[in-house]
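Asks: Got a predicted structure plus its sequence, pasted below:
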Amino acid sequence: MKASMRKIETILALVFLAAFSFQPLARAQGMSVARPSGPVVTGKVYAFEKIAEGVYYTTSESPMATGGNHTIIVGDQNVFLVDSGTTPAAGRALLEDMKLITDKPVRWVVNTHFHFDHTDGNSIFGPEVEIIGQEYVRHAIADLDVLHREPFKTAMANMPIQVEALKKQIADEKDSARRVNLEKQLAAKQADWEEFKNLKPTPPNVTYSSKMTIFQGQREIQLLFLGRGHTPGDTIVYLPKERIVCSGDMMETQPAYMGDAIFDEWLATLDKLKEMDFATMLPGHGVPFHEKSLITAYQSYLKDLMAQVAALRKQGVSADDAAKRVDMTSHKSDFPQIQGPGAEVRGIRRMYEWMDERSR
Ligand SMILES: [Zn+2]
């Protein structure tokens, strides 16, 4: 009984990890949230939703790993791209599908933060493209051996597990149509794995510290570092005239990965995000949204998680056990991805570490 419970727990933990590691998260989110949307053009891998004149937001339902959602800002001469995709193949697929909405070349790419699902398409761009990041992003990619640390480490370790699971599912599947679908998923997963093995983390070739403004013809594009939070160096992209904010993973429409978080500063940075004059927020994962109240809801999620973890830590509970025991289901109406008790373990380990740092 106990062993089988543990097995179920392990499976659940893997499923949870998988969901947070490399699945296109827009998929789950898109199904759970009803929302008004603009016209959509669908390519082979990416769908492009028109948000404003020349501004598009991508989601993907492809079995290929695609990482964070992009915002694409098309000017008269060139394109400004938010994030570069999770692999070179994903980046190339994006450029290919982008031909459906523009024939202009990419001139600027901003990396909203250093995580692989936003930066590992960087290597496909030539020196004529300015890849911009807050200065921490360059430091992280250049100096922190990102292929051997989280969040990439777990994503890579899960690849063979996922390939084996798909192979087993295919062997057990009696329905031929479903088997064909699973075989497509397996082929995509094996291709992702090959991409992961050959990644060349490429740091930004332009950095800034607190603010940078780009003029794309008449359009003003601001890159803002509002403070640490989700990581030590997240960029918020702001179009003041269009009142559009690209929030990266500082604010998603689902609980974000927390493995590099500075939790107290995250709350303060979210306050600054709320002070901005925006009509639409385009997150790094999830779907576009308009309500500042969702940011407040995320702040209360973080505060609640910190309080629960602090209490468990005080009782001497380990980080890994705390990750199983926290119960965030009271936030389910704001974040329907929360299916039951527990939280992503790397985020809770980081929270313990952060609490240790703060108590020194
Ligand atoms: Zn991300």
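Replies: Looks like it came in fine.

Asks: Contact residues of this structure facing the ion?
Replies: 68, 117, 249, 284 (C-beta under 5 Å from the ion). Bear in mind the C-beta positions are built from the backbone N, C-alpha and C, glycine included.

Asks: Enumerate every residue touching the residue lying closest to residue 202 once chain neighbours are set aside.
Replies: Excluding its sequence neighbours, the residue lying closest to residue 202 (C-beta to C-beta, 6 or more residues apart in numbering) is residue 122, at 3.8 Å. Residue 122 sits next to 84, 91, 109, 111, 131, 201-204 when contact means C-beta atoms under 8 Å, 6 or more residues apart in numbering.

Asks: ok, of the residues you listed, which one's closest to residue 154?
Replies: residue 201 (16.3 Å; C-beta to C-beta).

Asks: Verify the stated contact: that closest one with residue 119.
Replies: Yes. Counting by C-beta atoms under 8 Å, residue 119 is a contact partner of residue 201 at 7.0 Å.

Asks: which residues do those two both contact?
Replies: Residues touching both residue 201 and residue 119 (C-beta under 8 Å, 6+ apart): residue 141.

Asks: Between the two, which has more neighbouring residues?
Replies: Ranked by neighbour count (other C-beta atoms under 10 Å), residue 201 and residue 119 place residue 119 first, with 31 against 18.

Asks: quick one, phi psi at that one?
Replies: Dihedral pair for residue 119: phi -130, psi -20, per degrees, to the nearest 10.

Asks: residue contacts, it?
Replies: Applying C-beta under 8 Å, 6+ apart to residue 119 gives the contacts 83-84, 111, 133, 137, 141, 201-202.

Asks: Output these in CSV, with secondary structure and pLDDT appended to each entry.
Replies: Below are those laid out as CSV (DSSP: H, G, I helix; E, B strand; the rest coil; pLDDT from 0 to 100):
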residue, secondary structure, pLDDT
83, coil, 98
84, coil, 98
111, strand, 98
133, strand, 98
137, helix, 98
141, helix, 98
201, coil, 98
202, coil, 98
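
Asks: out of these, who's nearest the ion?
Replies: Using C-beta to the ion, residue 83 comes nearest to the ion of these, at 8.3 Å.

Asks: you'd agree the closest one is up against residue 66?
Replies: No. With contact defined as C-beta under 8 Å, residue 83 does not reach residue 66; the gap is 10.3 Å.

Asks: Where does the stretch 201-350 of the chain get nearest to the ion, which residue?
Replies: Closest point on the stretch 201-350 of the chain to the ion, by C-beta to the ion, is residue 249, at 4.4 Å.
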